[in-house]
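1. how would this look folded up:
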Amino acid sequence: MSENTKKPVDNNDEEYSLNDDRRVKVLSPGTLVAKRFFRNRLAVTGLVILLAMFIFSFVGGLVSPYAQDQKFYRTEAQAKDYAGVLENNEFRYTAKDPKVFTGPVQAQTFLRISKGESEFTYNNTKFTVAKVNDDFYTVSTDGSVIGLASKELVNSSTSNDSFSFDFTYAALNAYANKSASFQNEGKNYSIDADGIITDSEGKEVAYVSRYIIRAVMSDIFFSRDFKTKLLAAIEAGEKSFNYTDDNGVEAEYILHFDASKNSWDVKQEIATTIFDTYSGPSKKHWLGTDRNGMDMLTRLMYGGRVSLIIGFIVVIIETVLGVILGGISGYFGGWIDNLIMRIVDIFYCIPSMPIIIILGAAMDAANLPSKVRMLYLMLILGFLGWPGIARMVRGQILSLREQEFMTATEACGISVPRRIFKHLIPNVIPQLIVIMTMGLGDTIITEATLSFLGLGVRFPFASWGNIINDVNDTYVLTNYWFIWIPAGVLLLATVLAFNIVGDGLRDAFDPKMKR
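-> I've put the predicted structure just below:
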């Protein structure tokens, strides 16, 4: 071929020899693993989800304006049982001496009133029944009044103290006979047509009424003014009325008539400060509040932090125990291997969940603080979870210790601990990373299950498990979706992301994967 037809040579091209390192782009093993991992779009998606969860849990809790145990309150009107009103249409008895005017005597008195008779004998004692009016009778023996049968009652205007028999008799007698005054123990009292009794100084001391008004709480005393307005509302057939007490507190009182008991139930409706429980999503609380009046979004942030920390610490404990025991067992073999593997078999036979339930009940009985309880939970889960890692490490080391590089370490006189932890364990790290990553998801699920059962993380600390524990009845489940759905979604996404990342790492570390 002539020189004119020769292919021109590009001066920028360089010729390399076959053994020139510049002919091959050399990548480190770590770079190759990372390259294969990031080619897996699903694994990258899982990694992004995990990063988002970490930012949400650890950074979100720092920027949140609320604390995880901060409670919020709201003011609302609540109707509480306040009093009961009964219209007395039956005779009620007042005894001067209960040993004389006994229950059988009262029964005989009612029988004679019903029959219109004026005398009866009981236990060789003669009793006389005298009618003052249709609603008031006296019972006497030997010319002395020993008992009263009346549908009207004498009530104190100033206290719940009862009056003496003589005062009650004189007041009821004056009211029945429509007298304007009466005397008792040397004092003069006035009584008007409405039954209001005043002393000589014009101060109201009692009143006569057939309505029985009883407070629900024993420490509540009803003033005469309140009773007057209450009875006026009842007689007018009203459903409610407003009243301002001596302290200036105004409240609404709701009346409900119970026909079966012929009585009225009185409820007091007053503004009350309560926990802002199960408040719906709003600008102040983006995901509402829980049953304790705490911000749900903040609780989810701190709950994710606790769940992730527990997961990582438990996996670290499992890995440390598994690597140490598995490494020793695989390297030395013989009776040491047999002993450690029998211990592993024993741990595999331990029923973990019953043991954890028993220990949880013991911690409840000991009333341990929440932080100590969480620490014990991590130690228990880590101590029960190491056998699987130990068995995997042992299997890997059994195959690695027979290879040439281990023979070289022995020939060089390297110490046994250095052979195990410097030359053998690093070769097991890829498998450990995969197992740890996938074990994180299992640990988080276990912690959530225990917390849901009340055996894990306790208040005031939050975890996704004890947040879902709020959904312990059908009403909350169906009406307050913002309580359990966000926690469930976060738990599902986190565990799924750990599993996806674990699968991606397993594929990336596999040397048979296509590049």
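2. can you list the weak-confidence ranges in the chain?
-> 1-28, 159-161, 511-515 (pLDDT under 70).
3. Can you check which strand is longest in it?
-> The longest strand of the chain (DSSP state E) is strand 73-87.
4. contact partners of it?
-> With contacts defined as C-beta atoms under 8 Å, 6 or more residues apart in numbering, strand 73-87 is touched by 210-216, 220, 222, 230-231, 234, 252-254, 261-276, 279, 293. Yep, even glycine has a C-beta here, placed from its N, CA and C like the rest.
5. Export only the CA atoms of it, formatted as CSV.
-> Provided in CSV are the C-alpha atoms of strand 73-87 (Å, rounded to 0.1, in the frame of the first residue of the first chain):
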residue,chain,number,x,y,z
TYR,A,73,-56.7,21.9,76.8
ARG,A,74,-60.0,23.2,75.6
THR,A,75,-63.0,24.8,77.3
GLU,A,76,-66.4,23.5,76.6
ALA,A,77,-69.8,23.4,78.3
GLN,A,78,-70.5,20.1,80.1
ALA,A,79,-73.7,19.0,81.7
LYS,A,80,-73.0,17.2,85.0
ASP,A,81,-75.4,15.6,87.5
TYR,A,82,-76.0,18.2,90.1
ALA,A,83,-79.2,17.5,92.0
GLY,A,84,-82.4,15.5,92.2
VAL,A,85,-85.9,16.9,93.0
LEU,A,86,-88.7,14.7,94.3
GLU,A,87,-92.2,15.9,94.9
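6. Show me what counts as buried in the helix or strand just after that strand.
-> Proceeding N to C from strand 73-87, the next assigned helix or strand is strand 92-95, under DSSP states H and E. For strand 92-95, burial by neighbour count (16 or more other C-beta atoms under 10 Å) applies to 93-95.
7. Check the offset of stretch 162-173 from the chain's centre.
-> Averaging C-alpha positions (C-alpha atoms, centre = their mean, to the nearest Å) puts stretch 162-173 54 Å from its chain's average.
8. do the same with stretch 91-102
-> The answer for stretch 91-102 is 53 Å, by C-alpha atoms, centre = their mean.
9. What of stretch 355-375?
-> 17 Å.
10. Could you dump the buried residues of strand 92-95 into a markdown table and include distance to residue 238?
-> Below are the buried residues of strand 92-95 laid out as a markdown table (distance: C-beta to C-beta, whole Å):
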| residue | distance to residue 238 |
| --- | --- |
| 93 | 33 |
| 94 | 32 |
| 95 | 37 |
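11. Quick check: bridge partners of residue 190?
-> Note on residue 190: beta-bridge partners residue 181, residue 198, judged by DSSP bridges.
12. can I have the strand or helix carrying residue 60 written out in CSV, keeping just the CAs?
-> For residue 60, the element it lies in under DSSP H and E is helix 60-63. Output of helix 60-63 as CSV, limited to C-alpha atoms (Å, rounded to 0.1, in the frame of the first residue of the first chain):
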residue,chain,number,x,y,z
GLY,A,60,-38.6,16.9,63.0
GLY,A,61,-38.6,16.5,66.8
LEU,A,62,-36.0,19.3,67.1
VAL,A,63,-38.0,21.8,65.0
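13. From the contact counts, what lies against that helix?
-> helix 296-332 (3 or more C-beta pairs under 8 Å, 6 or more residues apart in numbering; DSSP states H and E).
14. helices or strands next to the helix it packs on in the packing?
-> Checking 3+ C-beta pairs under 8 Å, 6+ apart, helix 296-332 ends up next to helix 41-54, helix 60-63, helix 334-349, helix 370-384, helix 387-400, helix 429-452, helix 464-468, helix 481-509.
15. Name the residues of the fifth one that are buried.
-> The one in question is helix 387-400. 387-394, 396-397, 400.
16. do the longest one as well
-> Neighbour-count burial for helix 481-509 flags 482-484, 486-487, 490-491, 494-495, 497-509 (criterion: 16+ other C-beta under 10 Å).
17. now that helix against helix 296-332, angle please.
-> Angle of helix 481-509 versus helix 296-332, following axes from the mean of the first three to the mean of the last three C-alpha atoms, to 10 degrees, is 30 degrees.
18. got the angle between helix 481-509 and helix 41-54?
-> Using the same axes, to 10 degrees: helix 481-509 against helix 41-54 is 130 degrees.
19. And for residue 226, the neighbour number?
-> Applying other C-beta atoms under 10 Å, we find 17 residues neighbouring residue 226.
20. where's it, which helix or strand?
-> Following DSSP H and E, one finds residue 226 within helix 224-235.
21. what comes up buried for that helix?
-> 224, 226-227, 230-231, 233-234.
22. helices or strands next to that helix in the packing?
-> strand 73-87, strand 204-209, strand 211-215, strand 240-244, strand 250-258.
23. now for whatever helix or strand comes next after the last one, which elements pack on it?
-> In other words, strand 250-258. Following strand 250-258 in sequence order, the next helix or strand is strand 263-275 (DSSP H and E). Counting contacts by 3+ C-beta pairs under 8 Å, 6+ apart, strand 263-275 packs against strand 73-87, strand 250-258.
24. so which of these comes closest to residue 147?
-> strand 73-87 (22.0 Å; C-beta to C-beta).
25. Just want the angle from that closest one to strand 250-258.
-> 50 degrees.
26. Sheet-wise, list the partners of strand 73-87 with their directions.
-> strand 211-215 (antiparallel), strand 263-275 (antiparallel).
27. Dump those into JSON lines; add mean neighbour count as well.
-> Output for the strands paired with strand 73-87, formatted as JSON lines (neighbours: other C-beta atoms under 10 Å):
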{"stretch": "strand 211-215", "mean neighbour count": "16"}
{"stretch": "strand 263-275", "mean neighbour count": "16"}
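28. With distance to residue 347 as added columns, please give those strands in TSV.
-> Compiled in TSV, these are given as follows (distance: least, C-beta to C-beta, whole Å):
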stretch	distance to residue 347
strand 211-215	64
strand 263-275	45
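29. wait, which of these is closest to residue 45?
-> strand 263-275 (39.9 Å).
30. how much distance is there from that closest one to the middle of the chain?
-> 25 Å.
31. who touches that strand?
-> Residues contacting strand 263-275 (C-beta under 8 Å, 6+ apart): 71-87, 230, 234, 240, 249, 251-258, 291-293.
32. Buried subset of those residues, written for ChimeraX?
-> The following ChimeraX line selects those of the contacts of strand 263-275 that are buried, judged by 16+ other C-beta under 10 Å:
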select :71,72,79,82,83,84,85,86,230,234,253,255,292,293
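33. Reduced to three states, what does residue 280 come out as?
-> coil (DSSP: H, G, I helix; E, B strand; the rest coil).
34. Residue 288 is in contact with that one, correct?
-> Yes. Assessed by C-beta atoms under 8 Å, residue 280 is found in contact with residue 288 at 5.1 Å.
35. more crowded one of these two?
-> residue 288 (21 against 11).
36. which ones are touching the more buried one?
-> 278-282, 296, 480, 482-483.
37. Quick check: it vs residue 507, distance?
-> Distance of residue 288 to residue 507, computed by C-beta to C-beta, to the nearest Å: 41 Å.
38. What of residue 456?
-> In terms of C-beta to C-beta, residue 456 sits 33 Å off from residue 507.
39. got it, and residue 432?
-> 16 Å.
40. Check residue 348 too.
-> Applying C-beta to C-beta to residue 348 and residue 507 gives a distance of 28 Å.
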